[in-house]
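Engineer: Following is a predicted model, sequence given first.
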Amino acid sequence: MNKLIGEQLPSKKNLVIRKCGHNQDIVVKKFSDPDRFRTEKEMGEILKDTELFIPPRLAWDEKEYTIVYSYIAGEPVVDLIEETEWEKTRAIFTQICAWLVQFYRLTSQKMGCQYILGDIHLRNFIYNEAAADVYGLDFEECRPGRIETDAARLWVFILNYDPAFSQRKQLLAALVKDNLFAALSLDESLFKQEVARETAEMMKRRSIRKESDSKEEEGKFN
């Protein structure tokens, strides 16, 4: 009998392992924080049986803070930006916008107030080549909020992925903004405030990371 083969997937906050074998292909996500586990579990209840493309949830464990999902084959959208043919890339980003609009409308209807993703970036969107579909992942930091906060964070991230501020990045950031503003009637002034705040926070994170890397490098020679 074959055993399940495990592969650890990238995650800064949690232990995420893909297991395959016995005609199974699953992802086991063990949360480092019980509150984030509960948030993702709650959002899974809200979003199941909707038309939103998310990985099917198979099981969860309240004591181990673990959720099991079906594995979705595909590539993180962030890895496709510069290398994929332009028309296909534009179509993928248009799909992301449609996914987001649907998410915001569904959560507003079901929760009675506006919810946002919070931790929104392109590594949490998977493009499935076979079906030409975009899937959204990670709902552990969902919370009530203004959509402009999500839109600004995503806009800043798109522009700053390496290589930062390339012509393609600028076109894609503009596409996302234009689509979300047209569909959701967002507040331009609040969006600009959130862009400034998110940019400042990004620069602070990078400065801290650079200082940490510098100290680590110094330690190698002492």
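Structural biologist: The structure has been received and is ready for your questions. Quick caveat, the model's predicted, so the values are computed rather than measured.
Engineer: in what helix or strand does residue 81 lie?
Structural biologist: Under the criterion DSSP states H and E, no helix or strand holds residue 81.
Engineer: you'd agree it is up against residue 123?
Structural biologist: No - look at residue 81 against residue 123 with C-beta atoms under 8 Å: they stay out of range, at 11.5 Å. Where you see a C-beta, it was placed from the backbone N, CA and C, and this is true even at glycine.
Engineer: Tell me where this protein has helices.
Structural biologist: 34-47, 86-111, 147-160, 167-184, 188-221 (DSSP state H).
Engineer: tell me the domain boundaries of the protein?
Structural biologist: 5-70, 75-203 (automatic domain parsing).
Engineer: Of all those, which one comes closest to residue 210?
Structural biologist: domain 75-203 (10.3 Å; C-beta to C-beta).
Engineer: chain center to the closest one: distance?
Structural biologist: Distance of domain 75-203 from the chain centroid (C-alpha atoms, centre = their mean, to the nearest Å) equals 8 Å.
Engineer: pLDDT (mean, whole number) over that domain?
Structural biologist: Here domain 75-203 scores 96 as its mean pLDDT.
Engineer: Tell me which residue is most central in the chain.
Structural biologist: The centroid of the chain falls nearest to residue 124 when counting by C-alpha atoms, centre = their mean (2.5 Å).
Engineer: okay but that one is in contact with residue 135, surely?
Structural biologist: No - the criterion here is C-beta under 8 Å, and residue 124 misses it with residue 135 at 9.3 Å.
Engineer: what about the residue nearest to residue 7 when sequence neighbours are not counted, distance to residue 69?
Structural biologist: Excluding the flanking residues, the one nearest residue 7 by C-beta to C-beta, 6 or more residues apart in numbering is residue 18, at 4.6 Å. According to C-beta to C-beta, to the nearest Å, residue 18 stands 10 Å off from residue 69.
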